[in-house]
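Colleague: what's the 3D shape of this:
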Amino acid sequence: MRVLSIIIILISSFSTFAQRQEVDRVIGIVGNEIILRSEVEAQYKIMTAQGGTTPDDIRCIIFEQLLSNALILAEAEKDSVTVTEVEVDAQIDARISQILAYMGGDPDQFKEYYKMSPQEMKDFMFDQMEKQLILQKMQGNVFSSISITPKEVKKFFKNIPKDSLPFFNSEIELAEIVIKPQINPAEDKRALELAQKLHKQITEDSVDFGELAGKFSADPGSASRGGVLGVVPRGQLVPEYEAVAYQLEKDEVSEIVKTQYGYHIIQLIERLGNNINTRHILIKPEITEADQQQAVSKLDSIRKLILLDTLTFDQAILRFSEDEFSKTRAGALLNPQTGEPYFEMGDLDPEVYFAVVDLEIGEMSKPIPYQDQTGESNYRLVKIRNKTEPHVANLKDDYSKIQTAALEEKKGRFIQEWVDRKIQENYIQIKPGLNLGNSFGGEMTIESCDVLKKWLEHNALNPNKKP
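Modeller: Next up is the predicted model:
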């Protein structure tokens, strides 16, 4: 059974925008929701572009999925399930920003590629995103009562044929204590004085902002573009920067703004609703070798306290660790590829791999240098919380993974049964004899699609429709 979800991927659907301009037609209706031929074709192109083989009835499967999504939306309308404009805007802004990031934050390149500005794209995608969020919210309501018991997990695992059990490579679970080098007062003063000097040159001596950004800014991503950050949505920049930037008038230059990255001089280029385009000059206090050594020494001292049993590793996390994100998870490192606290050895960064490869469960490394997501150089101690050998899946070592799989399978069965019941309660209209075609371009009418039989039984245009 498939778990029903929206196939439409917003970023991919941007690429099919031009196709939607062709002559289109309605091929299905569920309640007040309509399904267009172009939606099937857009999804077909997205799926085939991913490579691999597709079944002959792939368009039937896509159409059935779209019918199911339309039914869920129809039920959401009955239940008065809604989302706010703020929620919709936030989701679209995030996706547009992702695309702009690939384009270096250049709105002109965006417009050239999509034939519309970011704001025009936002307006165009609003209704589609609103439906997507309502569908997700309705699915959450349907799933709200679904849980899985240990007995069900064991039954699910028992029903997996032994020759189909997955094989897991060696995995490791890690925790960290992070110390960040502190900027010394002399270097902080130097950076502030340089920022003040550049600010004076811009505001009093009319020196070109972009020229100074290219020469002095410590932000390599924007310095080469005259300090331009590109269009980003509210919430993507650090709070101190945004608090000032959103108060500026077009072309106005801010006072000096201090953030965790250093000292900024900001100029507003353009504001587009909750999106903003600014440029800045970042003057960054340098972390000296002495600052780095002081951080390493602090970690060495923490390590000695743990080895002497003066405090536990978990106590040291709460007391000393300076990474708030991992600290809230008891120091657990998350695998960026999976979002889970488990790593295959090959997924580890080289510095971590060589520091822990010979350690046993419960042992910790010496201080390890690393760069965080912002590019800042930090240091950490890493402890092995758990390690597994390569093995065939079993309940003892892999219970949480098996539990997740069992819950997803249960959700799939539940919502499929739910949809089957709701089909009988909603108006369904599908044109008889509709040719969907198959993956090889041949003919395949809806009557020959096995996955559509339950829908056709309740089709309003079916003379033999069930009462």
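Colleague: any weak-confidence spans in this protein?
Modeller: For the chain, the stretches flagged by pLDDT under 70 are 1-24, 52, 374, 439-442, 463-467.
Colleague: which helix in it runs the most residues?
Modeller: Determined from DSSP state H, the single longest helix within the chain is helix 395-423.
Colleague: which other helices and strands does it contact?
Modeller: In this structure, helix 395-423 packs against helix 58-78, helix 118-143, helix 150-158, helix 453-456, with contacts taken as 3 or more CB pairs under 8 Å, 6 or more residues apart in numbering; DSSP states H and E. C-betas here are computed from N, CA, C, even on glycine.
Colleague: highest average neighbour count across those helices?
Modeller: Burial of the helices and strands packed on helix 395-423 is given as mean neighbour count (mean count of other CB atoms under 10 Å); helix 58-78 ranks first at a mean of 22.
Colleague: could you check the angle the helix or strand just after it makes with helix 118-143?
Modeller: Following helix 58-78 in sequence order, the next helix or strand is helix 85-102 (DSSP states H and E). Helix 85-102 and helix 118-143 meet at an angle of 120 degrees, taking axes from the mean of the first three to the mean of the last three CA atoms, to 10 degrees as the criterion.
Colleague: touching helix 85-102 from outside, list them.
Modeller: For helix 85-102, the surrounding residues in contact (CB atoms under 8 Å, 6 or more residues apart in numbering) are 10-11, 14, 106-107, 110, 118, 121-122, 125-126, 129-130, 132-133, 230-236, 273-275.
Colleague: let's see it at 7 Å
Modeller: 10-11, 14, 110, 118, 121-122, 125-126, 129-130, 133, 230-233, 236, 274-275 (CB atoms under 7 Å, 6 or more residues apart in numbering).
Colleague: swap in stretch 246-260?
Modeller: Outside stretch 246-260, the residues that touch it by CB under 7 Å, 6+ apart are 195-196, 199, 202-203, 238, 240-241, 244, 263-268, 270, 276.
Colleague: pull out the buried members of the residues you listed.
Modeller: Using 16 or more other CB atoms under 10 Å as the burial test, those include 195, 199, 202, 241, 244, 263-268, 276 as buried.
Colleague: and of the residues you listed, the nearest to L299?
Modeller: Of all the buried ones among the contacts of stretch 246-260, L299 sits closest to Y263, with 28.0 Å by CB to CB.
Colleague: sec struct for I34, please.
Modeller: Taking DSSP: H, G, I helix; E, B strand; the rest coil as the rule, one finds I34 in the strand state.
Colleague: just to check, it is in contact with I27?
Modeller: No - counting by CB atoms under 7 Å, I34 sits too far from I27 to count as a contact (8.7 Å).
Colleague: looking at the two, which one has more neighbours?
Modeller: Using other CB atoms under 10 Å, the more surrounded residue of I34 and I27 is I27, with 21 against 13.
Colleague: make sure the more buried one is indeed in a strand.
Modeller: Yes - assignment of I27 by three-state DSSP places it within a strand.
Colleague: and it, what does it touch?
Modeller: 35-37, 431, 434.
Colleague: swap in 6 Å and give it another go.
Modeller: Contacts for I27 (CB atoms under 6 Å, 6 or more residues apart in numbering) come out as 35, 37, 434.
Colleague: next: E240.
Modeller: Taking CB under 6 Å, 6+ apart as the criterion, E240 is in contact with 257, 259.
Colleague: now it, what are its backbone angles?
Modeller: When read as degrees, to the nearest 10, the backbone of E240 gives phi -60, psi -40.
Colleague: now it: how far from H280?
Modeller: Going from E240 to H280 by CB to CB, to the nearest Å gives 12 Å.
Colleague: strands of the stretch 201-350 of the chain, start to end?
Modeller: 228-233, 257-259, 262-272, 275-283, 343-344 (DSSP state E, counting those that start in this stretch).
Colleague: return the most buried member of those.
Modeller: Note that of the strands of the stretch 201-350 of the chain, strand 275-283 is the most buried (mean count of other CB under 10 Å), with a mean of 24.
Colleague: starting at the chain centroid, how far to that strand?
Modeller: Averaging C-alpha positions (CA atoms, centre = their mean, to the nearest Å) puts strand 275-283 24 Å from its chain's average.
Colleague: likewise for stretch 450-467?
Modeller: So, by CA atoms, centre = their mean, the centroid of stretch 450-467 is 39 Å from its chain's centroid.
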